[in-house]
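# Below are the sequence and a predicted model; questions follow.
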Amino acid sequence: MKRATPLLLVAREELLLAVRSRWTLIFAGVFAVLATGVAAAGYVLSGGSGLQDLARTSASLVQLVVLVVPLAALLMGVLSIAPERSTSELLFAQPVSRRAILLGRAAGLFAALAAAEAVGFGAAGLLVFARAGDEGAAGFAQLVGFALLLTAIFVSLAALIASTATGRRRGRALAVALVVWFAAVILVDLAALGLASLLPSGPASRVLVVAVLANPAAAVRTGALLGIEGTAAFGAGSLALLRATHGPLGAALAIAASSALWVCVPLAWADRRLQRVDL
C-alpha cells in the first residue's frame, strides 16, 4: 500500500480541523439560509410567490457568492494558515518541508470550504428543484464550479497574507484580509466605473477591461454570468471585455487565464515568503 505524502497528511489534518471548527459549520448554515432566501426573495420582488427556478436562482446567487465566499475564504484562511507559535512549533520541527505544510494547509482548508459550500448549494438547490423542477440545472452547476474557483483564488490570497503572520501579527493579517476583500468586491469596481466615466470611449473601455481581468472577484463574476445567462446579463465592464476579446470564447479564455494566475502566483509568493520567515 502506497504511503501518503507529507502534503496529503498535512491536508488531511487541516481538513479534519476545519470540519470540526464551528466557523465552518456557521459558514455552511449561513450560506444555505442566504441562498434559499435569495431564491425566494428574487421571485417575490418580481411579482410571484414561492421559489424561483434554478436558472433565476443561479443568476440571483452570483452576487451573493462574490460577496460571501471571498470573505469566508480570506478570514478562515488567515486563521488556519498563519503559523501560530504555540501550536506550529511542533509541526514545523518535523522533517516536512515548509512548502508541503503551506500547500497542505491550503488544500485542506479549500476542501473544507468546498464541503461547506456544497451543503449550502445543495440545500438551496434541492429545495428549488422540489418546488420548481430542473430548468436551469446546468447553470446552477456552473455557478457551483465558479464558487469553488473563487474559493481557491481567495484561499491562495489568504495563504500569501498569512505566510509571515506569526504570533501577534495574525491580527494585522486579519485586518489586511478585510481590506483585500473590500477592495476586490467593492472598491475596484467603483473606482473603475468612476474613472471610466471621466474618459473618452476608447480609454474608458481599456480601464474597464483591466478592472475585470485584474480583479479576481470581477473576473469570476463575469465568467459566471457568461456561463449562466450569456451576454444578456453583462454590465459595462463585461461588455467592454467581450468587445476587446472578440466574443464569448475569447472572454472565457481571458478569464480562465486571469483566474489561473490568481491561484498560482499568490501561492508561489507565499511559499517564497514562508521559506524566509524565522519561526
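Yes, it's here. Numbers count the residues shown, from 1 in each chain.
# All the strands of the protein, in order from the start?
Under the criterion DSSP state E, the chain carries no strands.
# Run through it and note the low-pLDDT ranges.
By pLDDT under 70, the low-scoring segments of the chain are 1-3, 42-51, 83-89, 166-168, 231-235, 279.
# ranges for the helices of it?
Taking DSSP state H as the test, the helices found in the chain are 6-20, 22-45, 54-81, 85-93, 98-132, 137-162, 169-182, 188-198, 201-214, 216-229, 236-244, 248-276.
# can I get those helices in JSON lines with mean neighbour count?
Backbone N, C-alpha and C define where each C-beta goes, glycine included. Converted to JSON lines, these look like this (neighbours: other Cβ atoms under 10 Å):
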{"stretch": "helix 6-20", "mean neighbour count": "17"}
{"stretch": "helix 22-45", "mean neighbour count": "17"}
{"stretch": "helix 54-81", "mean neighbour count": "23"}
{"stretch": "helix 85-93", "mean neighbour count": "11"}
{"stretch": "helix 98-132", "mean neighbour count": "21"}
{"stretch": "helix 137-162", "mean neighbour count": "23"}
{"stretch": "helix 169-182", "mean neighbour count": "16"}
{"stretch": "helix 188-198", "mean neighbour count": "15"}
{"stretch": "helix 201-214", "mean neighbour count": "18"}
{"stretch": "helix 216-229", "mean neighbour count": "24"}
{"stretch": "helix 236-244", "mean neighbour count": "20"}
{"stretch": "helix 248-276", "mean neighbour count": "17"}
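# Show me the residue at the heart of this structure, geometrically.
By Cα atoms, centre = their mean, the mean C-alpha position of the chain lies nearest to residue 150, the distance being 2.4 Å.
# Residue 224 versus that one, what's the distance?
To residue 224, residue 150 is 9 Å away according to Cβ to Cβ, to the nearest Å.
# Between these two, which contacts overlap?
Here residue 150 and residue 224 share the contacting residues residue 65, scored by Cβ atoms under 8 Å, 6 or more residues apart in numbering.
# still on that earlier bit, for the residue nearest to the centre of the chain, what are its contacts?
So residue 150 contacts 65-66, 69-70, 73, 216-217, 220 (Cβ under 8 Å, 6+ apart).
# biggest separation within those residues, which pair?
65 and 216 (12.7 Å; Cβ to Cβ).
# thinking again about what came up before, any idea how far the residue nearest to the centre of the chain is from residue 134?
Distance of residue 150 to residue 134, computed by Cβ to Cβ: 24 Å.
# now residue 181
34 Å.
# same check, this time on residue 102
Counting by Cβ to Cβ, the gap from residue 102 to residue 134 is 41 Å.
# likewise residue 260?
Distance, residue 260 to residue 134, using Cβ to Cβ: 31 Å.
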